[in-house]
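Just a sequence and a predicted model for now, questions to come.
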2 protein chains.
Amino acid sequence: MIELQLLEDRIREQGEVIGDDIVKVDMFLNHRIDVDLLCEIGKEFRRLFPSEKINKILTIEASGIGIACIAAQYFGVPVVFAKKGIHRNVGNDIYTGEVFSFTKNQTTQIGVSKKYITAEDRVLIIDDFLANGAAVKGLIGICKQAGAEVEGIGICIEKGFQPGGKELREMGYHLESLAIIKSIDDGKITFG
Amino acid sequence: MIELQLLEDRIREQGEVIGDDIVKVDMFLNHRIDVDLLCEIGKEFRRLFPSEKINKILTIEASGIGIACIAAQYFGVPVVFAKKGIHRNVGNDIYTGEVFSFTKNQTTQIGVSKKYITAEDRVLIIDDFLANGAAVKGLIGICKQAGAEVEGIGICIEKGFQPGGKELREMGYHLESLAIIKSIDDGKITFG
């Protein structure tokens, strides 16, 4: 596991801790987006996932999209993002999954059109946060339905004190998180 | 009004017409994202909006985010995206607006944290589609609440047969649309 010091520093400086399990990074990643930082993140993902087999980046709306698009420039591949909810414009010909968000305490239906993920795809999954791994597992489920192979999972910020990362690594996935938060204690973030 | 031929060609080749007023561009812009095309779009926005005053790009989740992030690289400015719905993580200190989507037939509450848009901002608004202009007007309203100035509005695809573009130009905004659909007739798209 390799960490991007730049991202850790930014989390320390500008992350807002809420309670003992939420870190808001709205200042540079989730609401205001520091595109220069995203470029560094994108380059680091390319370094961590050098496989030339990767031919698609898969993410989930909304926060993943910017990260995935900037990263995709360094891979030379298109992005597909899973949509949340059921939209009239998506149509019915979709692979779906359910994602439970502990932060929002709700289950969201996600979907990817069958046209945009196929058995030929070698997928890099990218997302902003990994905690319980619900979103990533939802995306893996969609890849499986499509017969696509998951070449890797690139995460900006992993909450190491929640089980998603451990579970995905035990399942054999090549998971790389650029910053791993080991604990949040009394407003203080410790990386590990 | 200058058009990006590349985008028109792509709409012709890969756009899916639904009825006589909807064009789905899920193949390259709204679900699967062709990042090379976004780079060309971003460069064109920079050319059309050369003002050095622009210090922020404002868009709206979800489809606007990728376009805005790629474009922001050519402006050297951060992106802020308006969030849809009320999220626990956003907090109450936000500028809000209401956006009615004719496509989805529903009103969505949008919001931007007061921290991320201020009276110092000279904003370029970017979005994928312009039809009735509801989303752009919602974003303009947020800029006004913040005392920020709208330097320009950059749209990928304008539906010229709907009133948003005309209204915004008449209001004096510098609006540039890279492709303007003049009409959709029997599945055939005419640009103008």
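That came in fine, so what should we check first? Numbers count the residues shown, from 1 in each chain, chains lettered A, B, ... in the order given.

can you pull the contacts of the closest residue to A:Ala146 other than its chain neighbours?
Taking C-beta to C-beta, 6 or more residues apart in numbering or on different chains as the measure, A:Ala146 lies nearest to A:Ile117, with 4.3 Å between them; neighbours along the chain are not counted. The C-beta positions use only the backbone N, C-alpha and C, and glycine is treated the same way. By C-beta atoms under 8 Å, 6 or more residues apart in numbering or on different chains, the contact list for A:Ile117 reads A:Lys56, A:Leu58, A:Val80, A:Tyr95, A:Val123, A:Ile142, A:Cys143, A:Ala146, A:Ala148.

For A:Ile117, what are phi and psi?
For A:Ile117, the backbone dihedrals are phi -150, psi 130 (criterion: degrees, to the nearest 10).

Just the pLDDT for it.
Note on A:Ile117: pLDDT of 98.

Secondary structure element holding the most centrally placed residue in chain A?
Nearest to the geometric centre of chain A sits A:Asp127, at 1.2 Å (C-alpha atoms, centre = their mean). Assignment of secondary structure by DSSP states H and E places A:Asp127 within strand A:122-130.

One more: A:Ile11?
helix A:5-14.

circling back: any idea which of the contacts of A:Ile117 the model trusts least?
Comparing pLDDT over the contacts of A:Ile117 singles out A:Tyr95 as the least confident position, at 93.

buried residues in the helix holding A:Ile11?
In terms of neighbour count (16 or more other C-beta atoms under 10 Å in any protein chain shown), helix A:5-14 has its buried residues at A:Leu7, A:Glu8, A:Arg10, A:Ile11.

Could you do stretch A:115-124 as well?
By neighbour count, and taking 16+ other C-beta under 10 Å as the criterion, the buried residues in stretch A:115-124 are A:Tyr116, A:Ile117, A:Asp121, A:Arg122, A:Val123, A:Leu124.

again with stretch A:13-27
Here stretch A:13-27 shows A:Gly15, A:Val17, A:Ile22, A:Val23, A:Lys24, A:Val25, A:Asp26, A:Met27 as buried, counting by 16+ other C-beta under 10 Å.

Next: stretch A:179-192.
By neighbour count, with 16+ other C-beta under 10 Å as the criterion, the buried positions of stretch A:179-192 are A:Ala179, A:Ile180, A:Ile181, A:Ile184, A:Ile189, A:Phe191.

repeat for stretch A:140-157
For stretch A:140-157, burial by neighbour count (16+ other C-beta under 10 Å) applies to A:140-143, A:146, A:148, A:150-157.

Name the nearest residue to A:Leu175, sequence neighbours excluded.
Setting aside the residues directly before and after it, A:Leu175 is nearest to A:Ile153 in space (C-beta to C-beta, 6+ apart), at 4.4 Å.

Kindly state the pLDDT recorded for A:Ile2?
Among the per-residue scores, A:Ile2 shows a pLDDT of 50.

correction: A:Ile86
60.

which regions of chain A sit below the pLDDT cut-off?
Counting by pLDDT under 70, the ranges of chain A that qualify are A:1-3, A:86-91.

Write out the residues of it neighbouring chain B.
If contact is defined as C-beta under 8 Å from any C-beta of the partner chain, the residues of chain A in contact with chain B are A:18, A:22, A:24, A:26-27, A:30-35, A:38-39, A:61-62, A:65-66, A:68-70, A:72-73, A:77-81, A:83, A:87-90, A:103-104, A:112-113, A:115-116.

Please flag which of those sit within helices.
In this view, the residues of chain A next to chain B that belong to helices under DSSP state H are A:Val35, A:Leu38, A:Cys39, A:Ile65, A:Gly66, A:Ala68, A:Cys69, A:Ile70, A:Ala72, A:Gln73.

of all the residues you listed, which two lie farthest apart?
When those are compared pair by pair using C-beta to C-beta, the farthest-apart members prove to be A:Cys39 and A:Ile65, with a separation of 15.3 Å.

Please identify which of those two sits among more neighbours.
When A:Cys39 is set against A:Ile65 and neighbours are counted by other C-beta atoms under 10 Å in any protein chain shown, the residue ahead is A:Ile65, at 27 against 16.

circling back to that earlier point, could you provide the buried residues of stretch A:179-192 in a markdown table, with additional columns for secondary structure and distance to B:Leu175?
Conversion of the buried residues of stretch A:179-192 to a markdown table gives the following (DSSP: H, G, I helix; E, B strand; the rest coil; distance: C-beta to C-beta, whole Å):
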| residue | secondary structure | distance to B:Leu175 |
| --- | --- | --- |
| A:Ala179 | strand | 40 |
| A:Ile180 | strand | 44 |
| A:Ile181 | strand | 43 |
| A:Ile184 | strand | 45 |
| A:Ile189 | strand | 43 |
| A:Phe191 | strand | 45 |
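
and which of those is nearest chain B?
Within those, proximity to chain B (C-beta to the nearest C-beta) peaks at A:Ile184, which comes in at 15.0 Å.

from what I can see that closest one touches A:Glu16, true?
No - contact status for A:Ile184 versus A:Glu16: not in contact, 11.2 Å apart, counting by C-beta atoms under 8 Å.

From A:Gly111, how far off is the spatially closest residue to A:Glu40 that is not a sequence neighbour?
Leaving out its chain neighbours, the residue that sits closest to A:Glu40 by C-beta to C-beta, 6+ apart is A:Leu6, at 5.6 Å. A:Leu6 sits 34 Å away from A:Gly111, taking C-beta to C-beta, to the nearest Å as the criterion.
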